[in-house]
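In: model the following, please.
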Amino acid sequence: MPNTNTSLYLWQQADWPRWRFDAAVLAGPLAQTHRAQGHLFGRMAELGLAQREQATLKVLTQEVIKTSEIEGEQLNLEAVRSSIARRLGLDIGALAPPDRHVDGVVDMVLDATCHFEQPLSAERLFGWHAALFPTGFSGMTRIRIGTWRDDSSGPMQVVSGYAGREKVHYQAPPARTLDAQTRQFLDWFNADTTGDALIKAGLAHLWLVTLHPFDDGNGRISRAVGDMALARADKSAQRFYSLSAQVQRERKDYYDQLESAQKGSMDVTAWLAWFLACLLRAVLGAEETLATILGRAQFWQRWAGVSMNERQIKTLNRLLDGFEGKLTSAKWATIAKCSSDTALRDINELLARGVLHKLEGGGRSTGYALTK
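Out: Prediction:
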C-alpha cells in the first residue's frame, strides 16, 4: 500500500507487533502511579458501600461523557447518569427518560469495566460497535455495523483539514489483514499478564487504535478496552478514577502522542511514559471526586432530620455534584422540571429550615447556595 509519509507506520515495521520499551525508564512512573492508586483505593475502602457506589456512579458518568467528548460528541449529563443508575440498580430519585444512543455508550463502558474478567472476543467488540451506532449511521453516513471495516471506499485514514487541503495523520492496516491481526491482539489481551498490568493497558489502547478495525468508533472502543485492562489491573469493577476525563483535558497532546507513536518504531517507551503520566494525573484528580462524595455524605448527615420532597432532594444533589454558576429559581425549575411558583416554594421552604441561604443581590437574579 502506498504511504505518503517518509517513515513507515507501526504496522508496516518488520517486527510488528513485537512491542519494545525501556523498563528502567518506566520503573519510576510505574511505582509512582501504583502508589497513587493504592492511596486512592485505601481512602475509598474507608467509605461505606453507599458512598463507594456514588463514587462509581460519578466516575462512570464522567467516563461515558468524556470518551464521547474526545470525539467531539456531547451527551446529556442527566441521561447518562440515569442510564448508569438503571443498570447498576442505584436509587438516584427521578430518572431521565431513556436515550437509545446514550444507553449504547453506557452499555459498552459498563460491559468493559463490570465484566472485565470475561474474555474479550471479536463478537464482544462487534456488540460494542453495534451499541455505539444503533441506527446504523455515523452522522449522515451509513456505516458497517458489528463487523470489521472493508475499505471499499479506500484505505482507512485519519484526516484533518478542508477538502483539497487534507492532512493525513495516520493510515490503518489493510482491511484484508484484520481477521488475523485482531485475532493476534485478542489472544495477547486474554493471555495471563506476565509484566506490569498498567503497561498492558497502555499497549492495549495503542494496539487496537492502531488496527482501527471499524468504520467509526475506534477511539471509544480502544479506550473501553484500555479501561477493561485497567479494571483487570485493579481487580475491581468499581471505578474511582476516569482516564477518559483526563485524556479529554489533554486531548491535543493525546492525539499528538498517538500520531508520534504510530509513525515511530516498535520502541513505544515514549507513548507508555505519556500514558502512565496521564493515568497518574487521573488518579490524583480523583481526590476531587472523593471530596465531593464525602461532602455529600456530611451534608445529608447534617440535614437527616429535615423533611424534603423529591424535587428538593434531586436539586440539592445536583448542587452537591458541583453546580456551575449561581442557583436561581429559574434554574431550580429547569432541574426539578416544575413551574416557577413551585420552584420558589421549594426554595423558600429550604431557606426557612436553614438548608439554603440567599446570596447577595435581588430580583430575578437572586441566587441561593447550600448552608455548610
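
In: and stretch 134-149, how far apart are its ends?
Out: Taking C-alpha to C-alpha, to the nearest Å, the span from the opening residue of stretch 134-149 to its closing residue is 17 Å.

In: ditto for stretch 356-367
Out: Its start and end residues considered, stretch 356-367 measures 10 Å (C-alpha to C-alpha).

In: please apply the same query to stretch 110-121.
Out: 16 Å.

In: residues in contact with the residue nearest to the spatial centre of the chain?
Out: When the chain is reduced to its mean C-alpha position, the closest residue under C-alpha atoms, centre = their mean turns out to be Glu63, at 2.2 Å. With contacts defined as C-beta atoms under 8 Å, 6 or more residues apart in numbering, the neighbours of Glu63 are 109, 113, 227, 239, 242-245. Glycine gets a C-beta too; all of them are placed from N, C-alpha and C.

In: so it is in which element?
Out: helix 49-69 (DSSP states H and E).

In: figure out how far that helix is from the centre of its chain.
Out: For helix 49-69, the distance between its averaged C-alpha position and the chain's averaged C-alpha position is 8 Å (C-alpha atoms, centre = their mean, to the nearest Å).

In: what does stretch 110-119 give?
Out: For stretch 110-119, the distance from its own C-alpha centre to the chain's C-alpha centre is 15 Å (C-alpha atoms, centre = their mean).

In: mind listing what's buried in that stretch?
Out: With burial defined by 16 or more other C-beta atoms under 10 Å, the residues of stretch 110-119 counted as buried are 110-114, 116.

In: need the residues you listed in a markdown table with distance to Gln301, pLDDT and secondary structure, can you?
Out: Formatted as a markdown table, the entries for the buried residues of stretch 110-119 read as follows, by distance: C-beta to C-beta, whole Å; pLDDT from 0 to 100; DSSP: H, G, I helix; E, B strand; the rest coil:
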| residue | distance to Gln301 | pLDDT | secondary structure |
| --- | --- | --- | --- |
| Leu110 | 30 | 97 | helix |
| Asp111 | 35 | 97 | helix |
| Ala112 | 34 | 97 | helix |
| Thr113 | 29 | 95 | helix |
| Cys114 | 29 | 95 | helix |
| Phe116 | 33 | 97 | coil |
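
In: so of those residues, which two are at opposite extremes in space?
Out: With distances taken as C-beta to C-beta, the most widely separated pair in those is Leu110 and Phe116, at 10.6 Å.

In: and the closest residue to Arg142 other than its chain neighbours, how close does it get to Asp215?
Out: The shortest distance from Arg142 to any residue that is not its chain neighbour, by C-beta to C-beta, 6 or more residues apart in numbering, is 6.0 Å, and that residue is Gly136. Here the criterion is C-beta to C-beta, to the nearest Å. By it, Gly136 lies 11 Å from Asp215.

In: neighbour count: the two, which is higher?
Out: The residue with more neighbours, out of Gly136 and Asp215 and counting by other C-beta atoms under 10 Å, is Asp215; that gives 22 against 12.

In: before we move on, back to that, shared neighbours of Gly136 and Asp215, anything?
Out: Overlap between the contact sets of Gly136 and Asp215, as judged by C-beta under 8 Å, 6+ apart, is given by Ile143.

In: list the contacts of Val59.
Out: Shown here is Val59, whose contacts under the criterion C-beta under 8 Å, 6+ apart are 239-242, 286, 289.

In: OK, contacts around the nearest residue to it once chain neighbours are set aside?
Out: In space, not counting the residues next to it along the chain, Val59 is nearest to Arg239; the distance is 4.5 Å by C-beta to C-beta, 6+ apart. Contact analysis of Arg239 by C-beta under 8 Å, 6+ apart lists 56, 59-60, 63, 113, 227, 231.
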